[in-house]
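Coordinates only, no sequence provided:
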């Protein structure tokens, strides 16, 4: 096939050079516009942080702003290529219903993200339990929420899964109660056991005096006499105090002859003539 007829100077000047210029200009608009969008999003983030805006809201608005600016840049690049953007927008509008049905899950995640930001059941840095997962909130994105577990794993959960179910915010309150159960043998001294537990409370300055810690008999179980042990601590001290207190009470019981009974079964044998 002879291509020389398509490479005449008139054809080059009429088609190739203008299209090359348009394509180059469109690429420049896209690359530079993307950089500008990132810079503007970061600048807006700094302004919101200086205004002491909530960290979660700041990150969410930054992502929204960047997405909107990027869409504007893409439309400007397409317009430079000669694409009728007004017709393109009309087509998108006409196809909005179909797109909405096809992306209903994504739209649900987006709307759930907006509701999480508005009502703020948690903030960045809170430890929560939601959607069957537990971890520290790092960021609420447009469609998902980023969490970090205690062993430094990263969990990404769709926003709709979080907002549609129960949310347990462990960090919401400044104090937290530790609930433990200790069982002693039926042959042990109940009063002495309570005194040892109360002494363990007094030995730890992290246990709050108000609300006062409580020790109460819970039940007469099959193999043990059980006590509910419920001290109050600062939320940040919960796990360390719980671990230290269990160790202190166990050692104190061992030193004073208080036993932790094992499950046992009494069997009576009778001789039948």
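Here it is on my side, so go on. What you are looking at is a predicted structure, and each value in this text was computed from that prediction instead of being measured.

contacts and neighbour counts: CA atoms only from here.
Will do.

what about the helices in the stretch 51-200 of the chain?
Remark: helices assigned in the stretch 51-200 of the chain by DSSP state H, counting those that start in this stretch are 55-80, 85-94, 96-102, 104-119, 159-163, 190-202.

so which of those gets nearest residue 223?
Proximity to residue 223, assessed across the helices of the stretch 51-200 of the chain by CA to CA, is greatest for helix 190-202 (14.6 Å).

For the helix or strand following that closest one, enumerate the helices and strands it packs against.
Per DSSP states H and E, helix 190-202 leads on to strand 214-220 as the next helix or strand towards the C-terminus. When contacts are defined as 3 or more CA pairs under 8 Å, 6 or more residues apart in numbering; DSSP states H and E, strand 214-220 packs onto helix 190-202, strand 225-230.

Name every strand pairing with strand 214-220 and say which way it goes.
Each strand that strand 214-220 pairs with, and the sense of that pairing, follows from DSSP bridges: strand 225-230 (antiparallel).

thought residue 42 was touching residue 62?
Yes - using CA atoms under 8 Å, residue 42 is in contact with residue 62, at 7.2 Å.

ok, those two, which is more surrounded?
Under the neighbour definition other CA atoms under 10 Å, residue 42 and residue 62 were set side by side, and residue 62 has more, 21 against 17.

nearest residue to the more buried one other than its sequence neighbours?
Sequence neighbours aside, residue 41 is the residue nearest to residue 62 in space, at 5.4 Å (criterion: CA to CA, 6 or more residues apart in numbering).

now residue 222
Of all residues beyond its chain neighbours, the one nearest residue 222 is residue 263 (8.0 Å), with distances taken as CA to CA, 6+ apart.

can you confirm residue 47 is in a helix?
Yes - using DSSP: H, G, I helix; E, B strand; the rest coil, the assignment for residue 47 is a helix.

tally of neighbours for it?
Residue neighbour count, defined by other CA under 10 Å, stands at 13 for residue 47.

can you check residue 106 too?
Burial of residue 106 is recorded as 18 neighbouring residues (other CA under 10 Å).

pLDDT wise, what is the closest residue to residue 117 other than its chain neighbours at?
Here the nearest residue to residue 117 in space, its sequence neighbours aside, is residue 57; by CA to CA, 6+ apart that works out to 5.8 Å. The predicted local confidence for residue 57 comes out at a pLDDT of 73.

pLDDT weak spots in the stretch 1-150 of the chain?
For the stretch 1-150 of the chain, applying pLDDT under 70 flags the ranges 1-17, 83-104.

that's a helix at the residue nearest to residue 62, yeah?
Yes - remark: residue 41 belongs to a helix, assigned using three-state DSSP.

Let me see the contact set for it.
Under the criterion of CA atoms under 8 Å, 6 or more residues apart in numbering, the contact list for residue 41 reads 62-63, 65-66.

from the residues you listed, which is closest to residue 131?
Comparing every one of the contacts of residue 41 with residue 131 (CA to CA), the shortest separation belongs to residue 63, at 23.2 Å.

hmm, back to that, out of the helices and strands packed on strand 214-220, which gets nearest to residue 178?
Distances from residue 178 to each of the helices and strands packed on strand 214-220 were compared by CA to CA, and the smallest falls on strand 225-230, at 5.4 Å.

any idea which helix or strand comes after that closest one?
Downstream of strand 225-230, the first helix or strand assigned by DSSP H and E is strand 232-234.

on contacts alone, who are the packing partners of that next one?
In terms of contact count using 3+ CA pairs under 8 Å, 6+ apart, strand 232-234 is assigned the packing partners strand 175-177.

Give me the contacts around the strand it packs on.
Around strand 175-177, the neighbours that count as contacts under CA under 8 Å, 6+ apart are 230-235, 238.
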